[in-house]
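Asks: Here is my input; please provide its structure:
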Amino acid sequence: MKILETVEKEVIKKGIPDFRVGDTLKISLRVKEGDKTRTQAFEGVCVRRRGMGAGASFTVLKETHGDIVEKLFPLYSPTIEKITVAKKGKVRRAKLYYLRKK
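Replies: Residues are numbered from 1 along each chain as shown. From the prediction side, this is the model:
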């Protein structure tokens, strides 16, 4: 069991803010195109958060030009540069799947 704990400590970053389902998040992603890398922003509502430790993930939903885009992110992914909470939300559900239909 100690081997798993040491691997998880290496993977887990300290700079992740405390966010919940319903919060509006701004995620800065590192995108590699050929030789170059650039930062791409993705902003939307956190619809789901699941898991604990190194296997945790969250889902963000945003509307772009009338289309709904839903993206799943591993919480401790090396491609995520920064997560910021743009707006705190107040919801009474653990999963906001009903936002997909709107």
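Asks: In terms of pLDDT, where does the residue nearest to Y97 when sequence neighbours are not counted sit?
Replies: Closest residue to Y97 apart from its sequence neighbours, by Cβ to Cβ, 6 or more residues apart in numbering: V47 at 6.8 Å. For the C-beta atoms, the positions are set from N, CA and C on the backbone; glycine is no exception. Looking at V47, its pLDDT stands at 97.
Asks: Show the contacting residues for V47.
Replies: Applying Cβ atoms under 8 Å, 6 or more residues apart in numbering, we find V47 in contact with 21, 59-61, 70, 95-97, 99-100.
Asks: so E43 sits in a strand?
Replies: Yes. Per DSSP: H, G, I helix; E, B strand; the rest coil, E43 lies within a strand segment.
Asks: Tell me if I'm right that it and L29 touch.
Replies: No. Applying Cβ atoms under 8 Å, one finds E43 not in contact with L29, separated by 11.2 Å.
Asks: Give the PyMOL command for selecting the buried subset of the contacts of V47.
Replies: The PyMOL command for the buried members of the contacts of V47 (criterion: 16 or more other Cβ atoms under 10 Å) is given here:
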select buried, resi 21+59+60+61+96+99
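Asks: can you tell me the helix or strand for the residue nearest to Y97?
Replies: Secondary structure from DSSP states H and E places V47 in strand 36-50.
Asks: Can you give me the buried ones in that strand?
Replies: Under 16+ other Cβ under 10 Å, the buried positions of strand 36-50 are 44-49.
Asks: Can you list the strands that that strand pairs with?
Replies: Neighbouring strands of strand 36-50 in its sheet, by DSSP bridges, are strand 24-33 (antiparallel), strand 57-64 (antiparallel).
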